[in-house]
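Chemist: Could you work out the structure for the sequence below:
(4 chains)
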Amino acid sequence: MNPVYYLYLASLLFTIGAAGVLIRRNAIVVFMCVELMLNACNLAFVTFSRLHGNLDGQIIAFFTMVVAAAEVVVGLAIIVSVFRSRHSASVDDASLMKL
Amino acid sequence: MSFPLLTATAVLPAVGAIATAAVPAARRSAAKWLALLFSLATLVLAAVVVVRFEPGGARYQLTESHAWISDFGVRYELGVDGIGVALLALTALLIPFVILAGWHDADPLEDVNPNRRWRPTQGFFALILMVEAMVILSFEATDVFLFYILFEAMLIPMYFLIGGFGDRAHAGGDEAAATQRSYAAVKFLLYNLVGGLIMLAAVIGLYVVAGSFSLSEIAEARASGSLSMATSTERWLFLGFFFAFAVKAPLWPLHTWLPNAMGESTAPVAVLITAVVDKVGTFAMLRFCLQLFPEASKWATPVILVLALISIVYGALLAVGQRDMKRLIAYASISHFGFIIMGIFAMTSQGQSGATLYMVNHGISTAALMLVAGFLITRRGSRLIADYGGVQKVAPVLAGTFLVGGLATLSLPGLSPFVSEFLVLVGTFSRYPVVGIIATIGIVLAALYVLVLYQRTMTGPVKAEVKGMPDLKVRELVVVAPLIALLLFLGVYPKPLTEIVNPAVEHTMSDVQQTDPKPEVEAAP
Amino acid sequence: MSTLAASAGSLASVTSAASATSTGEAIQFWILGTVAVVGALCTILMKKAVHSALSLAGTMIVLAVFYLANGAYFLGVVQIIVYTGAIMMLFLFVVMLVGVTAADSLKETLKGQRWLAALCGVGFGVLLIAGIGNASLNSFTGLGQANAGGNVEGLAALLFTKYVFAFEITGALLITASVGAMLLTHRERTERAMTQREMAEERVRKGTQLPPLPAPGVYARHNAVDIAGLLPDGTASELTVNKTLKARGQIRDVSNEAIADLKALERRSAERLGRDEEEVNS
Amino acid sequence: MENLIALLIAAPLLGAAVLLCGGRRLDRVGHWLGTLLAAVSFVVGVVLFSDMLGKSGDGRTLHQHLFSWIPVEGFQADIAFQLDQLSMTFVLLITGVGTLIHIYSIGYMEHDERRRRFFGYLNLFLAAMLLLVLADNYLLLYMGWEGVGLASYLLIGFWQHKPSAATAAKKAFLVNRVGDMGLSIAIMLMFTTFGTFAFGPVLGSTGDATEGKLTAIGLMLLLAACGKSAQVPLQSWLGDAMEGPTPVSALIHAATMVTAGVYLITRSGAIFNAAPDAQLVVVVVGAVTLLFGAIVGCAKDDIKKALAGSTMSQIGYMILAAGLGPIGYVFAIMHLVTHGFFKAGLFLGAGSVMHGMNDEVDMRKYGGLRKYMPVTFVTFGLGYLAIIGFPGLSGFFSKDKIIEAAFAKGGTEGWILGAVTLLGAAITAFYMTRVMLLTFFGEKRWQPDEKGNAPHPHESPRSMTIPMILLAVGSVFAGGFFSIGDRFVHWLEPVTGYHHGEAPVSAATVTGATMVVLVLGVALAWLMYGRKPVPVTAPRGSLLTRAARRDLLQDDFNHVVLVRGGEHLTRSLVYVDHTLVDGVVNGTAASFGGLSGRLRKLQNGYARTYAVSMFGGTAVLIAATLLMRAV
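Modeler: Numbering: from 1, shown residues only, chains lettered A, B, ... in the order given. The predicted structure is shown next:
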């Protein structure tokens, strides 16, 4: 088997995650889907690092994890505060961008 | 370097505009006098220009040239040829009359009805002066980019003049007046902006092709053959320029903004539109279209002549059909612009001299007719022809001046428009006989709409509303009398004008490499 | 552990430039890959956030295994510890915090949103796969020499030399994030806490519920908080059970059960006392 | 001497300027000033005339070049005058008759508060008419040509408060404009053909031009002449023009302006001589109008309209003569002059009658006036005899010559034309006799009008009778004076050229025939109107009569075809402009508005919607990159 299949898998997962972001209304689940997408990317990076035989890909993946962690922290905090104020975790309720 | 005379002619009114605008609202009349003063001073400067200009001399005289946006080779280049001088003089001449005629048009409307909003009187006059400055400069600009800027910029003050200071007399009452007015103003703006946009593309294209904005440089390069445009390129650029000018001129079928604009604005502003601003369009056809794109101009001539012909007949017929006298005059102007464009593109020296004279004469005659009509309208408070009748009995002087203006509009021999109209006709006829003959129909139709207008308004039994209508006041006489005198003088002795114009026309003729068709028979002396 | 062993085995077979991996890895890929995809699908399709979170965790673990299989031991471990351990737990906490009501219906409210999403998703996936497909990657250099000095050491070397700057910045990022999180979630207490008396007075003033809430668990056969107390007329009182349980729908339905129990009780007592029916009924 | 030419025009022009701009303070002296300046012009004319008689041959032609009018490359129009025998004739006629009519108007317009303005217009007319006949190039002639048109417009519509007058004025100007269109096209053709339009060069070099071009020019000139001289098909305005004050009708619409067409054709003789087709058309137009006018004249009960019809017909004679070429030019002008005298006299007589009859114009309400206003009767009677060609009076000589010339055209054409002219003479005799009988003979038929004040016919004041007497003298003797020894022929020959046309029948026979038809016409008229009393209200009459009363339906044709059609055309065009041309613009604007409104809906504010578009965008980008790669 060729490691390229990992890439196929990664893209599959990424697409699923993206679809989830688009479909779900619950902010938390949306976040999870984002995480899923990030993970898919990580998988791709790792695979690349294997394909090219150097560790840079893994480094990137590592940074991605860190950033993801930070993002989750902030994002969840936002969700919590929004929930406090609006008693809802639905992304559709926050449709204030309309003119 | 010598005193920048041309710049001064444009700067003076601009300064005047600022000064007028700066006058506090309380001192309203002071603003009026200030504006009048500045416009007269400009007139004096223009006279100096006319005197300093040597008809036999170089093509462009009193030239000034300074680097402006050096990265794009945009220069502040001024210079006048005969045509420019003539139109410059016309503009400087008309503005004082416009200001004088509009003396009370911008007064606050409390007297008419108290709940109307206050109107910035001094703004009205400031805007007029601003328009004058821009128009004059556009007649002087020999840099395409500079011209384009002015061509567009003059829309702004015009927009406010049309939209902000409407005719007090509107059939549909104040509300309808306001909506109509804003409609007209927006229409005017959009039409001309679209034209300007297309022109901008052409201007950029020209720069890409020629690598310069300077009229003289480009013309020189083309003459020397160092710059050769592909035929298609030249044609596209020509169309880009021509479209903008045709909108401004206005040429059928791009004319519909003019009746609205002239109908809804006060008479002086209407004069400003048709007698001053629109002239920039026809002037630019002569100066830019023919000089920069001679081949394309020849290529487009048949179509343009047909459109001009349509304008002539169509405009006249619609003038006959109008019920609103200002719209009638507007359609008459469309017909006249058809004559001007026809003369320009007939590419004969008579035609082009005629067209240039036509610009001047049409300016004067329309000013006379429109201003008198304006006086009439302010008296009765209606623009509808049907609301008048028998004015001649109560206000003979007004009727007389109105008649003279009308006769000038139908280009009666002895009044200046005849000279130009006949030159245009002869010039066109000598190259395109059929076109010339069809155009003469315009003469008859002109008589029709003018006389119908005069008969319906001035003659017949005196209508009740017209009774007790005062005759022309001194101020109004001061406005009209000089114009009429000018019409008579230029009708009998147009030589001073032709002497200035002819050399410039010869230059243009050589630009397009055209020579007048020779007569069949060498007539015996 | 078995997976780890398998991946190690597969690594042993990795040469400097190979065109295929071991069959073991292939098998593992196909099995776990399916699991991962199923988990991902569950993530986006489960009604309850908790279930989504759990299935996502599953997917992540699978990914961790794949990392290991790809010779990224450090990342594999980190994935398990940090992601599955920390981040997913964070998620679960938040779900607990807010998500009791979060069993949102999957019914789409925005018109055409689902179809558009599906369309875009499919198109996107196809494009990605196509892209990968026509990138010619049929041969690959394994991590043989890269991991020669040990994967962690290799990473460390890179991290502290080549990427040290980014590393520092991520540190700053983390600090900022945590501070931000605190700021966002922290609520300044503006008024002092009420004393018991004040609370009592408050309650009297409101007048909605003067006595303390009724205790649940009437007829409880064991110590249960999930059984609503019965009011004298035999109807269950909503007040007696915890809101959270109600929200989760975990309240036992008392009414019929309780009646049944009562009947059983009477029958038994009747048998014991040997009384005849009419006495009982009277 | 030639410097006096400008003075001819300057005097009345000055008068017009002063009187029109002078304002009310001139009201008391205005009419005297106007008359004086007209007289000055006449005196100058006489001086120039005597000087011309003193000279001989080409010396008689004077030129005065004032200044260059429109100098443009290859296009030279000058303000320059040419005074030769032809112009001289007109100058004398215009200034002479003009002055008389000024005098007449002093009395006639006495009660009009705008008399000053009236005299201003009259002076303006004199100036324009003189410019017309004195110009030395066609463009300047055009200026005079339209100038007289303007003056006639102002004078016809002088009583502007009457809608009928205003309409008539407008109609006159418009119909004339159609003719002017012809003149301007003719000038353009001259310019393209000869490179100039000055009389000398153009008429001098007709030999080199192609006949086609010359025919075209000729026809265009004829169109102009038709407009100005009220020839078919542009004759319709003349009848309505009678709305103007009678002196105007006498001066402009009988004696001078309407004859400008004849002047134009005679002046352009060289062109017509070289274009026989054009000449033929001229002759035909003349012949048709001759009969047309005569027939109309027979049916009208309005005395002025009847005279207008007669004017039309007489000018038809002149045009016909002018169309005959060198054999006719001289007689055309001669008839023009004599006609100027007697027709002016007749009109003044009619005016005098109306003056005495409370401006009643219906001849059926006259009758037996000869004893109430003897002077008018006598002068009118002399004019009547003159126009019907009573032997020895002016009309006799001039018309007789024309009839001869018509026969002399030769061939069938000659016969036809001769017959037409004779017939015309007969009808002329008939309708003029009718006018005479209805007006001055029979018993009085006027009743008090609804306001109960019956007209008191009385002789007009001296200022009116004197001009009538003078004109009567002219109409009696002018013809004979001209004819003795062919004075007039020799006078004009150098300008117009002349060769005697040999008629197939002897002159005596022609004269005899003329006499016969004359007697027949008079007799018939007497039978119809002299013997039995005339009904006050016109009988229904035959079909022809009714048609003739309506100008042979030509007006109705104009109304239906031109006026109605034009109205519909303009109205539909206005609609088109508003809906189509403007509609396109507004439609574009509206469509843009609608589009943006629809686009605005995409901004629904839902983050997920935006996310979809983002996602889709990314997909598109990837696709693009892939395609780029592939390509």
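Chemist: Grab the nearest non-local neighbour of the closest residue to chain A within the stretch 151-300 of chain B.
Modeler: Minimum separation of the stretch 151-300 of chain B from chain A (Cβ to the nearest Cβ) falls at B:Val186, amounting to 23.1 Å. Quick note: C-beta positions are derived from backbone N, CA and C, even for glycine. Nearest residue to B:Val186, sequence neighbours excluded (Cβ to Cβ, 6 or more residues apart in numbering or on different chains): B:Gly163, at 7.5 Å.
Chemist: wait, that neighbour sits on B:Tyr183?
Modeler: No. Look at B:Gly163 against B:Tyr183 with Cβ atoms under 8 Å: they stay out of range, at 9.2 Å.
Chemist: And these two? Which one has more around it.
Modeler: For B:Gly163 and B:Tyr183, the more surrounded residue by other Cβ atoms under 10 Å in any protein chain shown is B:Gly163, and the numbers stand at 20 against 14.
Chemist: tell me the contacts of that one?
Modeler: Contact analysis of B:Gly163 by Cβ atoms under 8 Å, 6 or more residues apart in numbering or on different chains lists B:181-182, B:184-186.
Chemist: Just the buried ones from these?
Modeler: Listed as buried from these are B:181, B:184-186; burial here means 16 or more other Cβ atoms under 10 Å in any protein chain shown.
Chemist: ok, so of those, who is nearest D:Ala172?
Modeler: B:Ala184 (37.9 Å; Cβ to Cβ).
Chemist: Check which helices and strands the helix or strand containing that closest one sits against.
Modeler: Using DSSP states H and E, B:Ala184 falls within helix B:173-210. Helix B:173-210 sits against helix B:144-153, helix B:155-164, helix B:215-224, helix B:231-248, helix B:257-264, helix D:582-601, with contacts defined as 3 or more Cβ pairs under 8 Å, 6 or more residues apart in numbering or on different chains; DSSP states H and E.
Chemist: per-residue confidence averaged over the fifth one?
Modeler: Read that as helix B:257-264. What helix B:257-264 shows for mean pLDDT is 90.
Chemist: Give me the distance between the helix or strand following it and the centre of its chain.
Modeler: Toward the C-terminal end, the helix or strand that comes next after helix B:257-264 (DSSP H and E) is helix B:267-271. Centroid separation for helix B:267-271 versus its chain: 11 Å, with Cα atoms, centre = their mean, to the nearest Å.
Chemist: now swap in stretch C:133-144 and tell me
Modeler: When distances are taken as Cα atoms, centre = their mean, stretch C:133-144 is centred 36 Å away from the chain's centroid.
Chemist: Tell me how many other residues crowd the residue in the stretch 151-282 of chain C positioned nearest to chain D.
Modeler: Here the stretch 151-282 of chain C gets closest to chain D at one residue, C:Leu184, 18.4 Å apart by Cβ to the nearest Cβ. By the criterion of other Cβ under 10 Å, C:Leu184 has 19 neighbours.
Chemist: how about CSV for the buried ones among the contacts of B:Gly163, with pLDDT added?
Modeler: Shown next, in CSV, are the buried ones among the contacts of B:Gly163 (pLDDT from 0 to 100):
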residue, pLDDT
B:Arg181, 85
B:Ala184, 90
B:Ala185, 91
B:Val186, 90
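Chemist: of all the residues you listed, which comes closest to chain C?
Modeler: Nearest to chain C among these, with distances taken as Cβ to the nearest Cβ, is B:Val186, at 35.8 Å.
Chemist: if we can go back for a sec, tabulate the helices and strands packed on helix B:173-210 (CSV), appending distance to B:Thr428.
Modeler: As requested, the helices and strands packed on helix B:173-210 are exported to CSV (distance: least, Cβ to Cβ, whole Å):
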stretch, distance to B:Thr428
helix B:144-153, 27
helix B:155-164, 31
helix B:215-224, 25
helix B:231-248, 18
helix B:257-264, 23
helix D:582-601, 29
